[in-house]
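Colleague: this one's structure only:
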């Protein structure tokens, strides 16, 4: 049986609190657990070798094209949909699918530790059967609790707009990487804002793609006689 990461005994006080805190890459949180995901991503994409603004831009592009757009955003959208429809079996299958993704294996320990900790904050929501059963599946070793899936589930449980949640995820991720590099690269606030502005141009297309790809299977199923 897997042990759940210890969580708080009370649910987040508001959807806004959850939306801001549930994201695991927020450098501002200062939590060793939350920063573990950011650290493993940084290692995988050689963030520590970034020496200047152009190389930081290249790092962000690599993260966006290899992890964020093809893996993380679709996972959040799918988890949101399964949670909103109460589809536990499908959610557990998605959890297992993430575990089979070779690209995610190096991030697994940090991602699941963060996800489990965040999901444990929803334990007081006794009326949400999917949350309780997902927690039980993790405790029984039948699921891992990836941070992206928990993020999607949390958005659904608090009836937060999916598009807004995806935007928050992307913006906080990008800004976390930029500002965590600012001191060593001697970037000014103006430099950070400029680089962040460049990256935010990619946000709407990334969100549209994630939502479109998620809608296609649903539309195909609905079209069957």
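Modeller: The structure has been received and is ready for your questions. All values derive from a computational prediction rather than experimental measurement.

Colleague: State the next helix or strand along the chain beyond the helix or strand hosting residue 59.
Modeller: Per DSSP states H and E: residue 59 is located in helix 53-63. Downstream of helix 53-63, the first helix or strand assigned by DSSP H and E is helix 73-84.

Colleague: counting contacts, what elements does that next one pack onto?
Modeller: Helices and strands touching helix 73-84, by 3 or more Cβ pairs under 8 Å, 6 or more residues apart in numbering; DSSP states H and E, are helix 88-100, helix 147-157, helix 162-185, helix 203-223. In short, each C-beta sits where N, CA and C put it, glycine included.

Colleague: and these, which one is worst for confidence?
Modeller: When the helices and strands packed on helix 73-84 are compared on mean pLDDT, helix 203-223 scores lowest, with a mean of 70.

Colleague: so residue 122, which of the three states?
Modeller: Here residue 122 is recorded as coil under DSSP: H, G, I helix; E, B strand; the rest coil.

Colleague: Once you drop chain neighbours, what's closest to it?
Modeller: Closest residue in space to residue 122, ignoring its immediate chain neighbours: residue 131 at 4.8 Å, by Cβ to Cβ, 6 or more residues apart in numbering.

Colleague: Not counting its neighbours along the chain, what's nearest the residue nearest in space to the middle of the chain?
Modeller: Nearest to the mean C-alpha position of the chain, by Cα atoms, centre = their mean, lies residue 148 at 3.4 Å. Distances taken as Cβ to Cβ, 6+ apart place residue 75 nearest to residue 148, at 4.1 Å, with adjacent residues excluded.
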